[in-house]
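[1] missing the sequence, but the structure's below:
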Ligand SMILES: Nc1cc(-c2cccs2)n[nH]1
């Protein structure tokens, strides 16, 4: 997968060169490039924003640098999926992460200030799929934080990036439920024991206990997820919890 990020704060994306994502890039599983939007400015002040048409607070990002950036980065024969973080976007979730992880080329446009001139998105829709995407119902200074989260959620699903693919199967939101609580050694810590069933070696009982805990946790913290499950997702044993 190729991932391009266009931002006025390229250093904000430095964490993408670390840890598992950095190693995935080194191993060629992803081809990640961060670009400074000011590359495509031509004035002495390298201006990327201007006052909003019609007045109002804040600044809007000018269309010209974005248009030139996309012209430089987009191969018309294989246009990317353009993702534009925005508080006004569709909510990002694990289902979208799974879908994005199957795509060949993602490009992220990090808006700052009060957003990007709308004509940039309108123009981009002529050649690319464009999705405004939100991390949640709160407002950030810019899209960079959202890109860090989305790139991490997507790249960890790419085959080969995570050493143990099994862990993907048991994590929260993979099966529509929150994951069960986890424990490790010591068997007792500050008078708090690991649940006996986890030390029993009885795999069927352990699996049942974990499923029960996942159902209870989901009912307590995310009843909306439970309500959204299709009937066939819950077994008879699940319904007895
Ligand atoms: N979910 C979300 C996205 C954002 C921003 C993206 C770009 C500027 S502010 N805030 N909250």
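    It's in. Because the structure is predicted, anything quoted here is derived from the model rather than measured.

[2] and residue 34, that's in a strand?
    Yes: per DSSP: H, G, I helix; E, B strand; the rest coil, residue 34 lies within a strand segment.

[3] give me the neighbour count for it.
    Counted with other C-beta atoms under 10 Å, the neighbours of residue 34 add up to 21. To be clear about C-beta, it is placed using only N, CA and C from the backbone, and glycine gets the same treatment.

[4] quick check: beta-bridge partners of it?
    In this structure, residue 34 bridges to residue 5 when assessed by DSSP bridges.

[5] quick check: it vs residue 89, distance?
    Residue 34 sits 21 Å away from residue 89, going by C-beta to C-beta, to the nearest Å.

[6] give the contact list for residue 132.
    84-86, 88-90, 121 (C-beta atoms under 8 Å, 6 or more residues apart in numbering).

[7] excluding chain neighbours, what is closest to residue 221?
    Among residues not flanking residue 221 along the chain, residue 178 sits closest, at 6.3 Å (C-beta to C-beta, 6 or more residues apart in numbering).

[8] what sits against the one you found?
    Going by C-beta under 8 Å, 6+ apart, residue 178 touches 172, 214, 217-218, 221-222, 225.

[9] can you tell me how far it sits from residue 11?
    In terms of C-beta to C-beta, residue 178 sits 35 Å off from residue 11.

[10] the helices in this structure, which residues?
    19-26, 63-73, 94-100, 118-124, 144-155, 166-170, 203-221, 223-227, 236-239 (DSSP state H).

[11] near the ligand, which residues of the chain show up?
    Proximity of the chain to the ligand, by C-beta under 6 Å from any ligand atom, involves residues 85-87, 111, 134-136, 138-140, 142-143, 146.

[12] mind listing what's buried along stretch 193-206?
    198, 206 (16 or more other C-beta atoms under 10 Å).
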